[in-house]
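Asker: just coords:
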C-alpha cells in the first residue's frame, strides 16, 4: 500500500519561508506526478503546485514566483519551498500523486493523499 507522509509545516511570520517535504513508500517507481494542495479553514481544498517525473511544473497563480516545487525521483520525495509567505497562505498542506499529467491540473487524477501538515503565517 502506498503511503504519503508530509513534514516541514509550522508557524512563520509574514515574509518568511518554509520548506515542506513529502515522502512516499510502497512503490519502486516514483509517481508520475507529485503535487501539493492546501485547505484553509472553511474553504475547499485547492491546488498549489505539481511536478511531473520529467520535470514539468504547474503552479496556482496565487503562489507563482514565491513557491517552488521540486522532486527527487530516486528517493521518491518531493518538496515545496515557500518564500515570501503571506497570512493567506495559512492552511493545511497535503501532498498527493497522480498517474497522468495534463497542462490543466484539473484533469490529473490525484487519488492518493497524505494526512496534511499545518502551515500558519502570522501577520
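Answerer: Yep, it's here. All values derive from a computational prediction rather than experimental measurement. Numbering: from 1, shown residues only.

Asker: could you list every residue that touches residue 72?
Answerer: Applying Cβ atoms under 8 Å, 6 or more residues apart in numbering, we find residue 72 in contact with residue 78. Heads up, the C-betas are built off the backbone N, CA and C, glycines and all.

Asker: what bridges to it?
Answerer: For residue 72, the beta-bridge partners are residue 77 (DSSP bridges).

Asker: Grab the nearest non-local neighbour of residue 35.
Answerer: residue 50 (3.7 Å; Cβ to Cβ, 6 or more residues apart in numbering).

Asker: And that neighbour, how far from residue 66?
Answerer: Separation of residue 50 from residue 66 (Cβ to Cβ, to the nearest Å): 16 Å.

Asker: who's more crowded, these two?
Answerer: Just comparing residue 50 and residue 66: by other Cβ atoms under 10 Å the higher neighbour count belongs to residue 50, 25 against 15.

Asker: Buried residues of the helix or strand that contains that one, list them for me.
Answerer: Residue 50 is part of strand 46-52, with elements assigned from DSSP states H and E. Using 16 or more other Cβ atoms under 10 Å as the test for burial, strand 46-52 gives 47-52.

Asker: Now the two most distant members of those residues.
Answerer: 48 and 52 (15.3 Å; Cβ to Cβ).

Asker: which SSE is the residue nearest to the spatial centre of the chain in?
Answerer: Against the mean C-alpha coordinate of the chain, by Cα atoms, centre = their mean, the closest residue is residue 36 at 2.2 Å. Taking DSSP H and E as the definition, residue 36 sits inside strand 33-39.

Asker: Would you mind naming the residues that bridge with residue 119?
Answerer: Assessed by DSSP bridges, residue 119 has beta-bridge partners residue 10, residue 91.

Asker: Is it in contact with residue 89, as I believe?
Answerer: Yes. Between residue 119 and residue 89 there is a contact under Cβ atoms under 8 Å: 6.4 Å.
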